[in-house]
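Enquirer: Only the shape, not the letters, is given here:
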């Protein structure tokens, strides 16, 4: 079967290869992939710009849904033919104190699909039963595949964040996670809601506007914020970009006693003083991944229509069109591309 394989750290070391159908153990299922969404981390591995360890060669893809083709002998809550979506924590330490308290997403030994073990940019993928969630027949696979990034945004904004109705919120970085964070902030009652990016983000900023952003900016963030309300800054700033400069921008824009939520990754060292964090008495919260109750909540929100992904999914394409989808996501023409192996 065809699989999109990342075979080395060097840039552009991704290609379609013929890969075997995986074997499953007694607590696994063999999942027939219905749809797999392209993530920014897939793009980083394609470009060789990532900062995490990859077990090469590895099939990409960790945002996926599909149908169970085969269930292991000790799988008890799922059966062949069930429609499901999968979490990303493919390997965890069940005995870890974090796993025991439900925070397995923070287990230091955690390995995920698409870098730690083979992912879903192929026709069949091996998935542990504990990763699975049922989805109804009414939910298309391409929308279900976006459950994972929605969970990332929900965890950042609604679990680690403290937005209240009427709070002013700034989202820096209109990539897929930034746009979904803006959506979650809107659902939490944010107003005004500002999404900031670069001139190259014009299309994605227009999508943010469609999803309810009060204003979208291609620069001039500090000037805009200084004229907002009492001029002291926004209540919450969300750094969905990850670059050192965007954290500095968030720190300048947030009001005293406000909050910064950092969900974007960036390997660059901080090149500025954190004294304003102290002087302003600002809370800085990191946010990573998600866990079971977040998945259940987000699935119900997608099914009910509370989370509407129509404007977020820019293209649904076959696996053979992966290269064009990667390029157009990287260039900002697409918010999310979904592949259907």
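Expert: Nice, thanks for sending it over. In this text, all values refer to a predicted model and were calculated from it rather than measured experimentally.

Enquirer: Distance of residue 36 relative to residue 74?
Expert: Separation of residue 36 from residue 74 (Cβ to Cβ, to the nearest Å): 26 Å. In this view, the C-beta of every residue, glycine as well, is placed from N, C-alpha and C.

Enquirer: which one of the two has more residues nearby?
Expert: When residue 36 and residue 74 are compared on other Cβ atoms under 10 Å, the one with more neighbours turns out to be residue 36, at 33 against 10.

Enquirer: bridging residues for that one?
Expert: In this entry, residue 36 is beta-bridged to residue 64, residue 339, by DSSP bridges.

Enquirer: before we move on, what about residue 234?
Expert: With DSSP bridges as the criterion, residue 234 is bridged to residue 254.

Enquirer: With the one 5 residues further on instead?
Expert: With DSSP bridges applied, the residues forming beta bridges to residue 239 are residue 172, residue 262.

Enquirer: thinking it is in contact with residue 175, fair?
Expert: No. Taking Cβ atoms under 8 Å as the definition, residue 239 is not a contact partner of residue 175, at 11.6 Å.

Enquirer: Those two: which has the busier surroundings?
Expert: Neighbour comparison, residue 239 and residue 175: the larger count goes to residue 239, with 27 against 23 (by other Cβ under 10 Å).

Enquirer: circling back: what touches both of residue 239 and residue 175?
Expert: Listed as contacting both residue 239 and residue 175 by Cβ atoms under 8 Å, 6 or more residues apart in numbering are residue 264.

Enquirer: Which parts of the stretch 101-250 of the chain are strands?
Expert: With DSSP state E, counting those that start in this stretch applied, the stretch 101-250 of the chain shows strands at 124-128, 132-134, 169-172, 193-196, 215-217, 234-239, listed in chain order.

Enquirer: which one of these is the most hemmed in?
Expert: The highest average neighbour count among the strands of the stretch 101-250 of the chain, using mean count of other Cβ atoms under 10 Å, belongs to strand 169-172 at a mean of 31.

Enquirer: which helices and strands does it pack with?
Expert: In this structure, strand 169-172 packs against helix 176-187, strand 193-196, helix 221-226, strand 234-239, helix 244-253, with contacts taken as 3 or more Cβ pairs under 8 Å, 6 or more residues apart in numbering; DSSP states H and E.

Enquirer: Let's see that with 7 Å instead.
Expert: helix 176-187, strand 193-196, strand 234-239, helix 244-253 (3 or more Cβ pairs under 7 Å, 6 or more residues apart in numbering; DSSP states H and E).

Enquirer: centre of the chain versus that strand, how much separation?
Expert: In terms of Cα atoms, centre = their mean, to the nearest Å, the centre of strand 169-172 is found 17 Å from the chain centre.

Enquirer: Could I get the average pLDDT for that strand?
Expert: Per-residue confidence for strand 169-172 averages out to 98 on the pLDDT scale.

Enquirer: before we move on, what about stretch 291-307?
Expert: For stretch 291-307, the mean confidence score works out to 98.
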